[in-house]
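A.B. asks: heads up, no residue letters with this:
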């Protein structure tokens, strides 16, 4: 399988994942449940390491910080020792992380507000062809409209938890090119009009094949104007073909993975 690395969006990173977990669990950011968040973060980290993101090192560092904070909160100690330690630290062990999250959230919200204004301006005053940048855009920085990237990673996590992934002494790799999965999945979605995310992984037990299928789904969403929707919060994700027929380029019929 070719070396295909995923570049997350501009605001993506460990803080972005933490905010996603906060929103998903409807948690009060000022009263962050470290144990719950740490466990979920580590689950996501396992999948991110599988995908081999370029920025996975940042997530490992954050995971270590979360585990350290968690250990400081759960270590048994006498009441007077706890008060002495609290006085020495001057604040809750979570305080610095919470402040980072609040600052990042303000930065992220401001960026989204600016992007919305830019989109509204573009809808009212579309850019002329001659005004468009000549250089190719970095498609890796595109964002999903209906479904967040973390929703897709979360869906992959559920797939991995339900599957018995093949583990062998001699690791087997699926060397199927990503383009083949793109063609197969794209043709299936165009034919059916709507396909569930989980069905693409039916019969796939090798880690490299699962990763290849997942990256093909990202390819379709980012490069080929396919759409993803999630009718129920944290439920099944569905892929749909492009709305514009011009983007529905012909693909040789092939079986879905």
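C.D. replies: Looks like it arrived, so ask away. It should be emphasised that the depicted structure is a prediction, and the values quoted were computed from it without experimental measurement.
A.B. asks: show me where pLDDT drops low in the stretch 1-150 of the chain?
C.D. replies: 1-11, 53-55, 76-90, 115, 119-120, 122-146 (pLDDT under 70).
A.B. asks: at 50 instead, please
C.D. replies: 1-11, 78-80, 87, 89, 129-142 (pLDDT under 50).
A.B. asks: where exactly do the strands run in it?
C.D. replies: Assigned by DSSP state E, counting those that start in this stretch, the strands in the stretch 1-150 of the chain number zero.
A.B. asks: Would you confirm that residue 155 contacts residue 196?
C.D. replies: No. Applying C-beta atoms under 8 Å, one finds residue 155 not in contact with residue 196, separated by 9.5 Å. Where you see a C-beta, it was placed from the backbone N, CA and C, and this is true even at glycine.
A.B. asks: more neighbours, the two?
C.D. replies: Set side by side, residue 155 and residue 196 show more neighbours around residue 155, with 24 against 14, by other C-beta atoms under 10 Å.
A.B. asks: Now for the closest residue to residue 29 other than its chain neighbours: which residues touch it?
C.D. replies: Spatial nearest neighbour of residue 29, excluding adjacent residues (C-beta to C-beta, 6 or more residues apart in numbering): residue 22 at 5.6 Å. Residue 22 is in contact with 29, 32, 37, 101, counting by C-beta atoms under 8 Å, 6 or more residues apart in numbering.
A.B. asks: Keep only those of those that are in helices.
C.D. replies: Among the contacts of residue 22, the residues falling in helices (DSSP state H) are 37, 101.
A.B. asks: Which among the contacts of residue 22 count as buried?
C.D. replies: Buried by 16 or more other C-beta atoms under 10 Å: 32, 37, 101, out of the contacts of residue 22.
A.B. asks: Rebuild those residues as TSV, extending it with distance to residue 48.
C.D. replies: As requested, the buried ones among the contacts of residue 22 are exported to TSV (distance: C-beta to C-beta, whole Å):
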residue	distance to residue 48
32	21
37	16
101	19
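A.B. asks: ok, so of the residues you listed, who is nearest residue 175?
C.D. replies: Closest to residue 175 out of the buried ones among the contacts of residue 22 is residue 37 (37.5 Å), distances taken as C-beta to C-beta.
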